[in-house]
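> Prediction below, plus the sequence it came from.
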Amino acid sequence: MHLISVYKLCSYSRPQIIGIKAGLVWSGLNCARVNICQEHHVRTRCGSLSVIVYGDQDKPALITYPDLALNHVSCFQGLFFCPEAASLLLHNFCIYHISPPGHELGAAPIHASASAHCVDDLADQILEVLNFFGLGAVMCMGVTAGAYILTLFAMKYRERVLGLILISPLCRAPSWTEWFYNKVMSNLLYFCGMSGLLKEFLLQRYFSKEVRGNAEVPESDIVQACRRLLDERHGSNVMQFLLAINRRPDLTGGLKRLRCRTLIFVGDNSPFHSEALHMTSKLDRRFSALVEVQACGSMVTEEQPHAMLIPLEYFFMRYGLYRPCQLSDSPRSPLSPSCISPELLSPESMGLKLKPIKTRVPLAV
């Protein structure tokens, strides 16, 4: 197994959104910039879909799809507010944050009589979004349930996907344990809505014990923020997505036929760790790589976004995409050439032939 050397990553404090007004977002980054952020409601055959467009639409497109009960704020904010990651992604892409039906900020409750969507419907909606914006082939980033939807989309519409970045992905049909767990959650949603117990189930799905806290240690800021955002979800909307995911078919048989490059991240404390390992074993090794993040849950984008920086940079190099040059001398940036081992600059270590790596390695005593 090829291992990345241990880097001392500078800690960072997540900036807060100071204001959202007239389609502009002000963020508290050191190099404060104003970026255009606009919400579109795209009508599809399965209903309206919220899409947040962030950045220069002349650039290549990167679409995101969140996990159950989340949206772009609660699922990708940590990654995009990490200064080095934001510079890498926004320098190269225009971001299209797609929310599952009824998961966008301020969404109205979906009526109980509305017909339930299946995972194929959700994947087909993505095609309609791409056609609406006139997009060709796109880069895709999804978390857990969202990773499954994007993988299904890539299998159905191969010519529309440049690459897959999957965080704690699902690819098999639910195990009996997961199926039962999801049925308990769907019953809680039906009878109690977004109750305290339901939110605890979801937080266990997203985060490791280290950040969820206990009787002696308080919850971390990211868990508290996620808990507050879950308060805004409508139980009926979450249940629609949960029912679709709990009826998902197994995609294993089609994974070998994927020809887009795939980069998988998974926390070693994620309840879906074995799913990610299974998916990696079934993908073509020439086009895939696995990054296991130690002491992390499923949502690497929020819990340890800095662990994604170097693998993402090498993954994008295979597409001719690079970080902006002006950040090359930043003392905070782990992407500075001075702190990258020379052997990692070999073609074997870039994108197409990335071998499985770990983001942390225990030091020999």
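In hand now; what should we look at?
> and the helix or strand encompassing residue 238, what does it pack onto?
Per DSSP states H and E, residue 238 falls inside helix 235-246. Contact analysis of helix 235-246 by 3 or more C-beta pairs under 8 Å, 6 or more residues apart in numbering; DSSP states H and E lists helix 119-133, helix 145-156, helix 176-192 as its packing neighbours. All C-beta spots, glycine's among them, are computed from the backbone N, C-alpha and C.
> Which of these sits closest to residue 100?
Checking those against residue 100 by C-beta to C-beta gives helix 119-133 as the closest, at 6.8 Å.
> Can you list the strands that the helix or strand following the closest one pairs with?
The helix or strand immediately downstream of helix 119-133 is strand 138-143, counting by DSSP H and E. Strand pairing for strand 138-143, determined by DSSP bridges: strand 61-65 (parallel), strand 161-167 (parallel).
> So what touches strand 138-143?
With C-beta atoms under 8 Å, 6 or more residues apart in numbering as the test, strand 138-143 has contacts from 60-67, 70, 75-76, 93, 96, 130, 148-151, 153-154, 160-169, 298-299, 301, 319.
> Filter those down to the buried ones.
Buried residues within the contacts of strand 138-143, counting neighbours by 16 or more other C-beta atoms under 10 Å: 61-67, 70, 75-76, 93, 96, 130, 148-151, 153-154, 160-169, 298-299, 301.
> mind listing the helices for this structure?
Secondary structure of the chain (DSSP state H): helices located at 72-80, 83-92, 119-133, 145-156, 176-192, 196-206, 209-212, 221-230, 235-246, 273-282, 300-303, 309-317.
> how far off helix 309-317 does the second one point, in degrees?
Between helix 83-92 and helix 309-317, the angle formed by their directions is 10 degrees, by axes from the mean of the first three to the mean of the last three C-alpha atoms, to 10 degrees.
> So, low pLDDT: which residues of the stretch 251-365 of the chain?
326-365 (pLDDT under 70).
> So what's the gap between the strand ranked longest in the chain and the chain middle?
Using DSSP state E to define each element, the chain has its longest strand at strand 34-44. In terms of C-alpha atoms, centre = their mean, to the nearest Å, the centre of strand 34-44 is found 19 Å from the chain centre.
> Run me through the strand neighbours of that strand, direction for each.
The strands beside strand 34-44 in its sheet (DSSP bridges) come out as strand 24-27 (antiparallel), strand 47-54 (antiparallel).
> so what's residue 238 closest to, chain neighbours aside?
residue 69 (4.6 Å; C-beta to C-beta, 6 or more residues apart in numbering).
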